[in-house]
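Trainee: fold the following for me, if possible:
(2 chains)
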Amino acid sequence: MDLAGFDWSIIFSIDNILAIIVGSFAGLLLGAIPGLGSMIILAILLPFTYLLEPAAAVLLMMSAYQAGEYGGSISSVILGIPGTPSAAATVLDGHTYAQKKSPGRALAYSLQASLVGALLGSLVLIFLAAPLTDFALRWSAPEYFLVGVLGILAVAALSSKDRLKSMISVILGLMTATIGMDIFAGMPRFTMGFVEFLSGVSMIALIIGVFGIPEIIKMLTQKDNPNAINSSNKDNFSGKLRIRERLGAIKKSLLGGTVGVGIGIFPGLGAGTASWFGYAIAKKTTKNPETFGKGNPDGIVGPESANNGAVGGALLPLLALGIPGSPAIAIIAGAFIMQGITPGPGVFNNETTLVNSILYGYLIAAFVMFILGRFLTPVFARVISIPNMILAPSVLLITIIGIYISESMIFNLWVALLFGLIAYVLIKLDFSVPSYVLAFVLGPIIETNFRRSLDMAQGDFSVFITRPISLIILLLIILILFYPVITKLFRKAKA
Amino acid sequence: MSYKLASYISLVFIGLINIFYLIGAISIADHDSGREFGPAFYPLILSIILFILLIMSFIKTYMNKNKEGIHFNFIVGLKKVALIIIPIVIFLILWTYFDYFYILSFFLLMSLFIINKPSILRNKKELSVYFLIAIGYLLILYLFFNVLLSFNL
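Mentor: Numbering: from 1, shown residues only, chains lettered A, B, ... in the order given. Take a look at the predicted model:
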């Protein structure tokens, strides 16, 4: 990718810039609200992408995801509750630092680390997406099928306490994706007599339903946090970092960000895992490991740079291969699909303007996140102190409007409510909603490439093992499936 | 209800869905598609895998001693959830037939406020604060969606 040769005026179109600003603002605001998390932020924004051009739609989602990662740390620092799951590691030192010293300085560390992580992520996207796409061009249906399966199995293996229930969630997601018209034969399947299901279950209704409804119910049934730091006091947010402190933090952020990018690329790991790795590495490399957990700034910088770096890393397989490696990225893939674009090598070669707008727009989004974060963090800190009983109904109404405006059908609201209620119960029983959603989004890719592979090979299943790349992916799948058995055998052998 | 019992019920529920899915897959006229691997082929595979996983999960739940003492607060949770869901269901039914989105939304917001804090009904000052919050929020939504984005809500 040639940074100097790119026509930057495309990025600076009003639509794109507005999308980045609105996305970053929404990400910071919603990310700061405890419990909402990246997936709910993206689910709430998804219907609004209908109103935008493809580049602006994708930039809205990507900038919201990125800003949401920093937004999550606001709640971690102020309330001691992670705003997003990936900000959980930040609570340990962030909240303690804020209580002992200054919330403003804790958030300044977090914001700067998030910027460095985000910049690393976007540079990786710009420089690695094209080579990876060239590699993916050699792939065919069997490889795409197997990579899709690898992605959902990796998420299923890591995202729940109960692997079997996660696998069941995956199959249920794949089943839900079969509802609608079969694209090969043009025959309706499992529509239960509903004309509305002919084009499949609405992605927006399903995603908002399974992520949003359980969260809203949870918010309405739980009490507000009494341990919050006073966010109405402006002095609490006035702390600034000295140049020496900034430089030290940048050094740590580069390390954390690099770890985050690397982890983000692997399917199933994502920003949550990256932040814990970032925390662990920061602890290993710090001068004072004994102060970790007691308000060490490195304990803020490590996880925050890692979770933002992971966002860029996680976007790489989506943009280059067309395979989302995490549920949040699957929702961004949904934004592409709703615009009639299938992400992957095809887009990379045929829609270069769109791809460049997304890649460089994402770079700009990192700075927009920093600027908005710098000036609006005290406002967001105040928003999170709004009681749940006001916040939850307000979020509910936004989700209702979002689902309705996507296709102007009240039917989709019933679908969302039904799926949401089922999800609410199943989450309590350790089923995995992220695995379900990822399988639902990847379902059509997996089925199409599975049947295409068999058509290509005239029904010969050996097509999945006779091609070198597909064989390697298949071995990885087997490794993930039998990982618990292998580790048990190793432990027994050791004992 | 114990966690184990709730798990069994959920597995049976998913099993029933799978039976309906399997019947649906079998009833698809696969041969009419004119393809070797027709529209029923892939769903049949999914259904078989799900049955295997459900049986494995059933056995795992039965063998799991750790979860025996865990209580699944389903009935108490259900009451609270029902109180939240009922206004939403009424809202959707009324919206389908009467089409007054903002008026219905106002009642939805107020009912959710009251369900969560019944004491506001006894305090006129507090009630008027929540009344103003609902009106103000709906006004913002109206200006954004109906005026700025020209949606007909």
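
Trainee: make it CA atoms for all contacts and neighbour counts henceforth
Mentor: OK.

Trainee: tell me how far the lowest-mean-pLDDT helix or strand in chain A lies from the chain's centre.
Mentor: In chain A, the helix or strand scored least confidently by mean pLDDT, DSSP states H and E is helix A:345-350, which has a mean of 78. Counting by Cα atoms, centre = their mean, to the nearest Å, helix A:345-350 is centred 23 Å from the centre of its parent chain.

Trainee: what residues does the stretch 351-495 of chain A have near chain B?
Mentor: A:389-390, A:393-394, A:397, A:405, A:410, A:413-414, A:426, A:429, A:447, A:451, A:454-455, A:459 (Cα under 8 Å from any Cα of the partner chain).

Trainee: of those residues, which belong to helices?
Mentor: Judged by DSSP state H, these include A:389-390, A:393-394, A:397, A:405, A:413-414, A:426, A:447, A:451, A:454-455 as members of helices.

Trainee: burial check on the residue nearest to B:S10 when sequence neighbours are not counted, number of neighbours?
Mentor: Excluding its sequence neighbours, the residue lying closest to B:S10 (Cα to Cα, 6 or more residues apart in numbering or on different chains) is A:L426, at 7.5 Å. As a burial measure, A:L426 scores 19 neighbours (other Cα atoms under 10 Å in any protein chain shown).

Trainee: do A:L438 as well
Mentor: A:L438: 30 neighbours (other Cα under 10 Å).

Trainee: again, but for B:K125
Mentor: When counting by other Cα under 10 Å, one arrives at 11 neighbours for B:K125.

Trainee: buried ones in the helix or strand containing it, by neighbour count?
Mentor: Assigned by DSSP states H and E, B:K125 belongs to helix B:124-141. Across helix B:124-141, burial judged by 16 or more other Cα atoms under 10 Å in any protein chain shown covers B:127, B:130-131, B:134-135, B:138, B:141.

Trainee: so where's the chain shaky on pLDDT?
Mentor: You didn't pick a chain, so chain A it is. For chain A, the stretches with pLDDT under 70 are A:1-6, A:35-36, A:158-160, A:223-239, A:268-269.

Trainee: switch to chain B, that's the one I care about
Mentor: Within chain B, the stretches with pLDDT under 70 are B:30-35, B:67-77.

Trainee: around chain B, pick out the residues from the stretch 51-200 of chain A.
Mentor: Residues of the stretch 51-200 of chain A that fall close to chain B, judged by Cα under 8 Å from any Cα: A:164-165, A:167-168, A:171-172, A:174-175, A:178, A:182, A:184-185, A:187, A:189-190.

Trainee: just among these, which is most surrounded?
Mentor: The most crowded member of these, judged by other Cα under 10 Å, is A:M167 (28 neighbours).

Trainee: so what's that one up against?
Mentor: Taking Cα atoms under 8 Å, 6 or more residues apart in numbering or on different chains, we find A:M167 in contact with A:153, A:156-157, A:435, B:53.

Trainee: returning to what we had before: separation between the residue nearest to B:S10 and B:I55?
Mentor: Using Cα to Cα, to the nearest Å, we find A:L426 at a distance of 17 Å from B:I55.

Trainee: the residue of the stretch 101-250 of chain A found nearest chain B and A:L198, how far apart?
Mentor: Proximity of the stretch 101-250 of chain A to chain B (Cα to the nearest Cα) peaks at A:A185, 5.3 Å away. When distance is defined by Cα to Cα, A:A185 is 13 Å away from A:L198.

Trainee: would you mind listing what in chain B touches chain A?
Mentor: Within chain B, the positions near chain A by Cα under 8 Å from any Cα are B:3, B:6-7, B:10, B:21, B:24-25, B:28, B:33-39, B:42-43, B:46, B:49-50, B:53-54, B:56-57, B:80-81, B:84, B:92, B:96, B:105, B:109, B:112-113, B:116, B:137, B:151.
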